[in-house]
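**Student:** Quick one, fold the following:
(2 chains)
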Amino acid sequence: MKVFSKALFSILLIVTFVGCTDSKSDTESQEFQLKMDQTAFSLKQWKVDGSHRSSIGGRFMKGDKPVANAVLQVGNNKRNIETSDDGSFQILLDQSLLGETNVYVVSLKDASIEDKPISKDQSDIDKIDPLSLSVYYPIEITSTTVSTQDPNQTEVKGKLIADQTASVAFFQEDKFKISGLVKDSIGNPVQGAIVWIDRDTGEGFAKSSPTDGNGYYSMYYLPEEDEDTNLTVDYQSIKYTLPTNKVFHFPEDTSLNVEITLPREGTVIDDKPPTLVSHTADGALYLGLLVGLDVAENVDYTITIPDSEGNFSITVLTDVWEKNPTFFETNMSTFIAKEKFQSGDSLPSSFIEIKQGAPRNINSELKTN
Amino acid sequence: MIKKMALTGAIMATLIALTACTSDNNNSNAAESDPSATVQFENFPTYGFDLSNTRHVPFKGITAENINEVGVVWTVDLKTLDKDVKNGNQSYPVVVDGVIYITTSGNQVFAFEGATGKQIWHFKPGADMAKDFDKAGIVANRGVSVGEGKVFMLTIDNQIVALDQKTGEMVNSVKIADSIEGVTVENGYYETTVPIYYKGNLYIGSSGGDNGVRGFVSAYKASDLTPAWDAPFWTVPPKGQDWLANSKFHGGGAVWNPVAIDEDTDIMYFAVGNPAPDFYGKDRPGANPYTDSVVAVDSATGKLIWSAQEISHDLWDYDAAASPMILNATVNGKAQKVVVEGGKSGQWWAWDAATGDVVWDGIPFAKIDHPEPTPEGVLVYPGVLGGENYAPETYDPATNYVLIPGIEYPSIMKSAENEDFEKGFNGAWAFGTALGETPADIIPYGTVTAIDVNTGKQVYQNKTKDMMRGGLTSTDTGLAFYGELDGKINAMDIKSGKVLWTFQSAGDNIQAAPAFFIADGKQYLTFTSGGTKPKIHVFAIGGDKTQGSAGDADNGSVHEAK
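**Tutor:** Numbering: from 1, shown residues only, chains lettered A, B, ... in the order given. Predicted structure coming up:
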């Protein structure tokens, strides 16, 4: 009897050894594994009932056995999520925000399988693959045609699919820039001055960066339409202001250039040219959703800004497209100095900055009808 | 009272060896074994006294009969302790084991031995930490939270700071923007509020709604200042969605005052500020949830439980500003747990704490006349300061009254003409300054309004000379205390509304409510004052009755409000 037991133990050891070394074999199921029924989620519109935030569940298993009391975390958040006796865990996911985030194991210290403690050190934890959760607009390809401009290129028409009826793709002016020079009374640039604008009859303000060696300042602000706005320059602990009862009516929907000359004496800025000169200026800070292809950086293509229905088109070398590249979606905020951009406008791929945590590897589906 | 004593544990009287807490001598063992060397403390452990924010202390030492014996025990001008303390002070003192913790404008923190005024420690942000403070253009701070042996503060430029409770040494600091993208001064966010400590977490919101930020509440672990929720609770949609589909603004809805937490249910309640832009609503159609609302979420996860909106599609800057209170009150003759909040709208609400069902619906406590703003301008009551601004209410369980600190100061509000300046122009277009509106000749004043929670009806309303900027705190002897902008501290009888005691402090511009604590059986009153000589004051029976000279009320620009 005893001999038989020893023999069985040896066989088990061998099996285990094989399991550890051959990761592709079916004994892989003995590994720790984070499981979720769903890891890709359609972007939902924010709703007042909070339904855009949903509890999603998963299980932490070793083979087919649940791991209890393991500690998980999500993304940068350090909330400890403990697995239950059946290995299950719950996460509150905000599906109104585009992004990709990982669920990973941080501690097995108190973890157990079938009530038996498992002792594992940090290197074991590091071997457990995190689960990647992503929230994005599913992409549907509506047509592909050879470009009329260049027979080597394919023009792909696609659509971001939003939940329910409304689509929410947008790309629009976010803020405008107020910038200019601050000079002293003899025209020399003033360094280290801060220009501050605030609303005369309401709350809300913006402060500029300190002026540089050329006297240049800038700030982003959204003037609340046709409102009385105060302007103050803070320089060497002195506040320079507009004359009593004088305010700006900043024009809306445009960036501004305001050149300021500080007075030789006193603290009141003479609000007439040449000591105060104001002009509208080009450019705006844009914010919005852009789509692109997961291809090497040196592969150029053009893509249009998605419209409010989510429609966009890509023009790309046909042999690149034929390799079935996946997509990324990213929110982008950037200052565009000259042109006015709107949906449908074509952008070179080099223009797009992919934000950290943007969902990638999104497979498109060909619309068949 | 028994319930309240059990609430935080810290509220319970703790026996501390005097020598152990005030000195580092070697005789502490001997002292601890000597009962005569112990001091009994009763605390004011958090912003609102308890996490329900009732501001009602169970202390009975100061009464209507002995109130005239109350005088100054000690006071100190904070600028004499550090010349870089900024003007103004809105700090709500927190007192733990006889030590008062306050902040100053400019994010310094002081710990004083409450009964004596001895400075225990002082924290001044280093040049590196403070390098972006100036960018905010605002310096206010409303105080600290204490937990796990640490003192927590939010800095004006959106950092969370943890200090050692015993020494004031910095333990840890993090930028909120490291975990919540875009929460920076450059984007219009700033912090003046008190973080609230509960069950290992710190709960925070932020200011900046009128700069067009996206409001949020979030949770951090007090142990290492890392996020404690899976995601922040955003009070308005992301830009481009729902009612912000066509707006240039990010919606506002800042939660710029402390949350309230029900320790029985772990439900957290907070008040949400106005939508942005404030006076122009065309690009933000509909009711604009959850702005101007009280929202209930699970404090462990941030998951929504209910929300109730005070002002739908606000055009007048009517934040739900002040922290909500959670009351075990009597309503229509029956015990009911309710959440109450008075808005900048000049109206006061009560909701069932569990369901959010409305109990009292918008009871007015100020003049209310707010036509829709026109391009020419209309006079609007209340003005942009409220109503009730950040100043908190107090609740007296004996009378079942809520006392509301109010402001009567209308504003001229102008709507946008929605002109398109650029039509027909190519290239740059010159523009200049114009004459601003001459301020209306209107003298602001304040009010204290008592509302009977049983009936939802106003019992009385007292006028105060200046706007009520600080708020109220009540005691178990039927007294409520509040400061005024000229530096006077007052005690009133809650039942009758009669002011029983007025003392001209040596400070001015009291812009925070008082706190009480007990050391060695004696009840002390403490509060901060602002203006150009920011001070802390401690009063008690038997103190010096020499009064100061009346200070000038700084009615302030609205920009100081948040």
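**Student:** The residue lying closest to residue B:553 once chain neighbours are set aside in helix, strand or coil?
**Tutor:** Nearest residue to residue B:553, sequence neighbours excluded (Cβ to Cβ, 6 or more residues apart in numbering or on different chains): residue B:485, at 3.4 Å. Where you see a C-beta, it was placed from the backbone N, CA and C, and this is true even at glycine. Taken by DSSP: H, G, I helix; E, B strand; the rest coil, the conformation at residue B:485 corresponds to coil.
**Student:** thinking residue B:485 is in contact with residue B:507, fair?
**Tutor:** No - between residue B:485 and residue B:507 there is no contact under Cβ atoms under 8 Å: 10.6 Å.
**Student:** Which residues are in contact with each of those two?
**Tutor:** Common contacts of residue B:485 and residue B:507 (Cβ atoms under 8 Å, 6 or more residues apart in numbering or on different chains): residue B:551.
**Student:** For the residue nearest to residue B:553, give me its contacts.
**Tutor:** Contacts for residue B:485 (Cβ under 8 Å, 6+ apart) come out as B:466-467, B:469, B:508-511, B:551, B:553-555.
**Student:** give me that answer again for 7 Å
**Tutor:** Counting by Cβ atoms under 7 Å, 6 or more residues apart in numbering or on different chains, residue B:485 makes contact with B:466-467, B:469, B:508-510, B:553-554.
**Student:** Now flag whichever of the residues you listed is closest to residue B:493.
**Tutor:** Relative to residue B:493, the closest of these is residue B:510; by Cβ to Cβ it sits at 20.0 Å.
**Student:** Do I have it right that the closest one meets residue B:472?
**Tutor:** No - assessed by Cβ atoms under 7 Å, residue B:510 is found out of contact with residue B:472, at 11.5 Å.
**Student:** Got the confidence number for residue B:267?
**Tutor:** With respect to pLDDT, residue B:267 has a value of 98.
**Student:** Make sure it is actually in contact with residue B:294.
**Tutor:** No - because the distance of 11.6 Å does not satisfy Cβ under 7 Å, residue B:267 is recorded as not touching residue B:294.
**Student:** Give me the number of neighbouring residues for residue 297.
**Tutor:** Answering for chain A, as no chain was given. Neighbourhood size, residue A:297 [other Cβ atoms under 10 Å in any protein chain shown]: 7.
**Student:** actually it's chain B I care about, not the one you picked
**Tutor:** Burial of residue B:297 is recorded as 24 neighbouring residues (other Cβ under 10 Å).
**Student:** If I look at it, what pLDDT would I see?
**Tutor:** We have a pLDDT of 98 for residue B:297.
**Student:** Which strand or helix spans it?
**Tutor:** Using DSSP states H and E, the element containing residue B:297 is strand B:293-298.
**Student:** Could you spell out the sheet neighbours of that strand, each with its direction?
**Tutor:** Next to strand B:293-298 in the sheet, as set by DSSP bridges, lie strand B:267-271 (antiparallel), strand B:304-309 (antiparallel).
**Student:** mind giving me a markdown table with the ones you listed and columns for mean neighbour count and distance to residue A:107?
**Tutor:** Converted to a markdown table, these look like this (neighbours: other Cβ atoms under 10 Å in any protein chain shown; distance: least, Cβ to Cβ, whole Å):
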| stretch | mean neighbour count | distance to residue A:107 |
| --- | --- | --- |
| strand B:267-271 | 27 | 27 |
| strand B:304-309 | 19 | 29 |
